[in-house]
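>>> sharing a model that was predicted from the sequence below.
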Amino acid sequence: MQLVDLKPAKGATKARKRVGRGEAAGGGKTAGRGLNGQKSRSGGGKGAGFEGGQTPLARRLPKLPGFRNFNKEYYLPVNLGRLDEKFADGETVNAISLVEKGIIKNSDSLVKILGGGKLTKKLTVQADKFSASAQDAIVKAGGKYELIGESK
């Protein structure tokens with residue numbers, strides 16, 4: 001015996017009643033909805049979230065504060081300490097190499113280099129933005145920084 005061969009016991013299932021198919025079919029005219037009233041109408045009944053006239057939960061809860069500006073450019077922060085860990089001396093750091101090293105997830109993201117941590121290697125860093133402390137640290141280590149793209 002296989003799973004496919006299993007069936008419900010005889011008499012355990014019943015065909016559904018097809019209503020609204022004419023008087024002779026046994027479920028015609030009002031189709032089991034009764035005569036008048038809200039539930040007899042098409043689309044009748046109370047909507048989801050109706051709480052018997054009490055103010056619904058969705059209206060009792062406060063709205064969240066603030067909003068997210070869809071025009072704002074969000075930069076992914078990357079500290080110099082991470083670059084020092086992951087990159088060898090003389091390498092070029094850009095969005096593609098940051099994805100390869102697992103520092104960021106998407107090469108299309110805007111990146112800002114921050115001055116956190118210590119940089120001991122000579123790197124060429126290409127990013128969308130740099131903090132002043134990051135610029136100083138890169139130059140002190142003997143590397144150079146390059147701004148890429150245009151930002152607002």
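Looks like it came in fine.

>>> quick one: the strands in this structure?
75-79, 92-93, 110-114, 124-127, 129-130, 144-147 (DSSP state E).

>>> could these be laid out in TSV, adding mean neighbour count and distance to residue 8?
The C-beta positions use only the backbone N, C-alpha and C, and glycine is treated the same way. Formatted as TSV, these follow (neighbours: other Cβ atoms under 10 Å; distance: least, Cβ to Cβ, whole Å):
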stretch	mean neighbour count	distance to residue 8
strand 75-79	17	57
strand 92-93	19	66
strand 110-114	20	60
strand 124-127	20	66
strand 129-130	18	67
strand 144-147	14	71
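
>>> may I see the ones you listed organised as a markdown table, with mean pLDDT and distance to residue 20 added?
Output for those, formatted as a markdown table (pLDDT from 0 to 100; distance: least, Cβ to Cβ, whole Å):
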| stretch | mean pLDDT | distance to residue 20 |
| --- | --- | --- |
| strand 75-79 | 95 | 59 |
| strand 92-93 | 93 | 70 |
| strand 110-114 | 95 | 59 |
| strand 124-127 | 94 | 67 |
| strand 129-130 | 96 | 66 |
| strand 144-147 | 93 | 70 |
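
>>> out of those, flag the one nearest residue 104.
When the strands of the chain are compared by Cβ to Cβ, strand 75-79 sits nearest residue 104, at 5.3 Å.

>>> now tabulate the strands of the chain in TSV and tack on distance to residue 39.
Below are those laid out as TSV (distance: least, Cβ to Cβ, whole Å):
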stretch	distance to residue 39
strand 75-79	55
strand 92-93	67
strand 110-114	55
strand 124-127	63
strand 129-130	61
strand 144-147	67
